[in-house]
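*Asks:* Predicted model, plus sequence, below.
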Amino acid sequence: MRGPNDFKTDRARLLRQNATNVERRLWYRLRARSINGFKFVRQEPIGPYVVDFICRERRLIVELDGGQHADNISDKKRDKWLVDHGYRVVRFWNTDVLTNMNGVLETILSTLDVSND
């Protein structure tokens, strides 16, 4: 069994320390099992990537995207790798988190509930 990858762990730790305002806002609403008891963690290394948020129990990844992510080929490749490895990925624009937090949380919750079936 392989141990943790120190480089990835350090990178994830650095990303957590330098979270964007939008990431902090969503994290405040996801942390401490705030959504129906589901546990989320942030900036988690998975394979060659570090994901923004993940509910490991449901294998649900939540990614936040700024304008630089519009039609980004790397994001499509990343999502395909994650899906091929049994994860589901939902993406939200930063503006959605800032202007429609309740809608973002409802979408996350409904996606978590769907995976319960």
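*Replies:* Cool, the structure landed.
*Asks:* Would you check that residue 87 makes contact with residue 46?
*Replies:* Yes - counting by CB atoms under 8 Å, residue 87 touches residue 46, with 7.2 Å between them. (Glycine included, C-beta is placed from N, CA and C.)
*Asks:* Now the common contact residues for these two.
*Replies:* Shared contacts of residue 87 and residue 46 (CB atoms under 8 Å, 6 or more residues apart in numbering): 54, 61.
*Asks:* pLDDT score for residue 69?
*Replies:* Note for residue 69: predicted pLDDT of 53.
*Asks:* Backbone torsions only: list them for the residue lying closest to residue 35 once chain neighbours are set aside.
*Replies:* Nearest non-adjacent residue to residue 35, counting by CB to CB, 6 or more residues apart in numbering: residue 109, 5.6 Å away. Dihedral angles of residue 109 (phi, psi; degrees, to the nearest 10) stand at phi -60, psi -40.
*Asks:* buried set for stretch 51-70?
*Replies:* Neighbour-count burial for stretch 51-70 flags 51-55, 58, 60-65 (criterion: 16 or more other CB atoms under 10 Å).
*Asks:* Over to stretch 107-117?
*Replies:* Here stretch 107-117 shows 108, 111-112 as buried, counting by 16+ other CB under 10 Å.
*Asks:* Same check on stretch 29-46?
*Replies:* 29-30, 35, 38, 40, 42-46.
*Asks:* Could you do stretch 92-110 as well?
*Replies:* For stretch 92-110, by 16+ other CB under 10 Å, it's 92-94, 96-97, 104-105, 108.
*Asks:* Closest to residue 73 out of these?
*Replies:* In terms of CB to CB, no member of those lies closer to residue 73 than residue 93, at 17.9 Å.
*Asks:* and the residue lying closest to that closest one once chain neighbours are set aside, what is it in contact with?
*Replies:* Excluding the flanking residues, the one nearest residue 93 by CB to CB, 6+ apart is residue 65, at 5.6 Å. Neighbouring residues of residue 65 by CB under 8 Å, 6+ apart: 75, 91-94.
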